[in-house]
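>>> A structural model of the following input is requested.
(2 chains)
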Amino acid sequence: MQSNTEIILDLPAHFNQLELLRNYICNLIQAAPLNLDADRVNGLVYNTQLAFNEIATNVIEHAYADWPNRDDARMNVKMAILQPPLRLEIELLDTGKSFEYNPMREPAFDEVPDRGYGLFLAQHLLEKIEYTPSPIANRWQLVKHLT
Amino acid sequence: MNLNIQEHTLRIVVLSPVGAIDPLTAPTLRENLTRLLDDGVTGLIIDLSQVSFMDSAGMSVLVTALKRARAAGGNVKLVWPKSDAAKRILTLTKFDQVFALTNTADEALASWKTGK
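From the prediction side, this is the model:
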């Protein structure tokens, strides 16, 4: 396993960081040694941004929901382009409340739900989502193949 | 002569968000839609053609507005986003089966007039 590019971030767990994180994802994917047309690259960028955005939102919204001082709530994010196969791996650590992750969760589309699309989208758009709850730091590991 | 005249005015509001709709920005869209619905507007067109990114926070806002508008006898129509990736997300989440989607706001307005 070889890492071509790696970014490590320690950020406030706040929605105003999401755009920055989306930009890092875009830059990493566009700098990867891809042999794909522009539309495909744009699709990979969008889907990865969306999937990660949903997981980070989940952390900000739920893991830190009852956090006594929101200014102390942090997210540690590590993003790396790895190969083979060419992929983006993202690790997200939080020290908030652990979450009961149900990988089979799917919105009840017939009822036109107004919530619950986030994890469904992340599951569909990534090759791998792994969640490891821990009293020290909860860990999300996300993998997106860049092919 | 008795002359009864009735005038019916259909009020349709077009909202055109620009940029990303995420948990930071979705509340602004939600507040505007809520204000319009509270004011009795039940014909809403949300033009997503200039939206560069939309996550589930934005989708939640759209569905909430749709349910309120339809409960009041109205509707919410969407204009497709430009990017193919964003279009695929609306299809994946079956928004294309729930919302009326058009390519432009003018098309959405025209479809309202013709009742389609």
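>>> what pairs with residue 78 across the strands?
Picking chain A for this. A:Ile8, A:Glu91 (DSSP bridges).
>>> my bad, the chain I had in mind was chain B
Bridge pairing for B:Leu78 - DSSP bridges - gives B:Ile46, B:Leu101.
>>> Are we agreed that A:Ala80 is in a strand?
Yes - A:Ala80 forms part of a strand when assessed by DSSP: H, G, I helix; E, B strand; the rest coil.
>>> neighbours around it, how many?
A:Ala80: 18 surrounding residues under other CB atoms under 10 Å in any protein chain shown. All C-beta atoms are positioned from the backbone trio N, CA, C, and that covers glycine.
>>> Report how many residues lie close to residue 13.
Went with chain A since none was named. If you count neighbours by other CB under 10 Å, A:Ala13 ends up with 22.
>>> please go with chain B instead
Neighbour number of B:Val13 under other CB under 10 Å is 15.
>>> what is it paired to in the beta sheet?
B:Leu44.
>>> Could I get the pLDDT score of it?
At B:Val13, the pLDDT value in this model is 97.
>>> And for the one 3 residues further on?
Per-residue pLDDT puts B:Ser16 at 98.
>>> That one contacts B:Asn32, correct?
No - contact criterion CB atoms under 8 Å: B:Ser16 and B:Asn32 do not qualify, at 11.1 Å.
>>> give me phi/psi at A:Arg70?
Main-chain dihedrals, A:Arg70, degrees, to the nearest 10: phi -60, psi -30.
>>> mind listing what the residue of chain A found nearest chain B touches?
Residue of chain A nearest chain B, by CB to the nearest CB: A:Tyr46 (3.5 Å). By CB atoms under 8 Å, 6 or more residues apart in numbering or on different chains, the contact list for A:Tyr46 reads B:Phe53, B:Ser83, B:Ala85, B:Ala86, B:Ile89.
>>> Output the residues you listed as JSON lines; include the columns neighbour count and distance to A:Gly96.
Output for the contacts of A:Tyr46, formatted as JSON lines (neighbours: other CB atoms under 10 Å in any protein chain shown; distance: CB to CB, whole Å):
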{"residue": "B:Phe53", "neighbour count": "22", "distance to A:Gly96": "25"}
{"residue": "B:Ser83", "neighbour count": "19", "distance to A:Gly96": "32"}
{"residue": "B:Ala85", "neighbour count": "19", "distance to A:Gly96": "30"}
{"residue": "B:Ala86", "neighbour count": "18", "distance to A:Gly96": "30"}
{"residue": "B:Ile89", "neighbour count": "24", "distance to A:Gly96": "27"}
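>>> can you narrow the residues you listed to ones near chain A?
Among the contacts of A:Tyr46, the residues within reach of chain A (CB under 8 Å from any CB of the partner chain) are B:Phe53, B:Ser83, B:Ala85, B:Ala86, B:Ile89.
>>> The fourth one sits in which helix or strand?
Translated: B:Ala86. Using DSSP states H and E, B:Ala86 falls within helix B:84-92.
>>> so what's residue 79 scoring on pLDDT?
Since you didn't name a chain, this refers to chain A. If you check A:Met79, the pLDDT there is 98.
>>> if you could check chain B rather than the one you did, that'd help
Among the per-residue scores, B:Val79 holds a pLDDT of 98.
>>> what's the answer for B:Gln6, then?
89.
>>> worst-scoring helix or strand of the chain, pLDDT-wise?
This is for chain A. Least confident helix or strand, chain A: strand A:2-12 with a mean of 84, by mean pLDDT, DSSP states H and E.
>>> my bad, chain B
Using mean pLDDT, DSSP H and E, helix B:105-113 stands out as the lowest-scoring helix or strand of chain B, at a mean of 92.
>>> In terms of secondary structure, what does that helix contact?
Counting contacts by 3 or more CB pairs under 8 Å, 6 or more residues apart in numbering or on different chains; DSSP states H and E, helix B:105-113 is packed against strand B:12-15, strand B:43-47, strand B:75-79, strand B:100-102.
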